[in-house]
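Asks: I need the structure of the sequence given here:
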Amino acid sequence: MEITSAQQAAYDPRVLAFGRLQGAANRLEYLLGRALERECGITHLMYEVLLIVGRTGQDGLTMRSIAQEQVLTTGGATRLVDRMSAMGLVTRTVSPDDRRVQLVRLTPLGEETTVRASRVHVENIEQFFFKPLPPEHRERFAEDLRILSHFARDALPRLR
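Replies: Numbering: from 1, shown residues only. Predicted coordinates:
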């Protein structure tokens, strides 16, 4: 279907669907992010970094990997990790394989904060993300979001 007017564009079902997805994501980010800040003292982005660093265990994660995972510049990832380090949530150590590379690992406080924040986050996800959906749609919706997320991730250019 070719779009020939602004009004037609505004009511195009594809444009509306994406706008609803983006609006829902922005509102949920606000609601869930404020809860993490209020109850745990961290931003949602910090929480996401704690999760991806936590997945690696004691191996740690490079700044480049954090940047790619969160669609940040390496400078943005460095500034974020610096703030998290100052809060005592993560440490940065030199990689034993390459002294130019720093590895980010959770501290005991980072581990504890991740667990506490996850409990808060899961409760809010249940309330604001899953509860409004019919129970029979929840699993399929989550799977569809996974597919979209992976497709978009794979379409992004890789950092050098």
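
Asks: any idea which element the most centrally placed residue in the chain lies in?
Replies: Residue closest to the average C-alpha location in the chain (Cα atoms, centre = their mean): Glu48, at 4.5 Å. Using DSSP states H and E, Glu48 falls within helix 44-55.

Asks: so after that helix, what's the next helix or strand?
Replies: strand 61-62.

Asks: how far does that following strand sit from the chain's center?
Replies: 16 Å (Cα atoms, centre = their mean, to the nearest Å).

Asks: quick one: average pLDDT of it?
Replies: Averaging pLDDT along strand 61-62 gives 88.

Asks: returning to that earlier point: which non-adjacent residue is nearest the residue nearest to the centre of the chain?
Replies: Gln70 (6.2 Å; Cβ to Cβ, 6 or more residues apart in numbering). The way it works is simple: take the backbone N, C-alpha and C, and place the C-beta from them, glycine included.

Asks: confidence score at the one you found?
Replies: Gln70 carries a pLDDT score of 75 in this model.

Asks: just give me the neighbour total for it.
Replies: 14 (other Cβ atoms under 10 Å).

Asks: which residues does it contact?
Replies: By Cβ atoms under 8 Å, 6 or more residues apart in numbering, the contact list for Gln70 reads 45, 48-49, 52, 77.

Asks: elements contacting the strand or helix carrying Asn124?
Replies: Assigned by DSSP H and E, Asn124 falls within helix 108-125. For helix 108-125, the packing partners by 3 or more Cβ pairs under 8 Å, 6 or more residues apart in numbering; DSSP states H and E come out as helix 13-40, helix 44-55.
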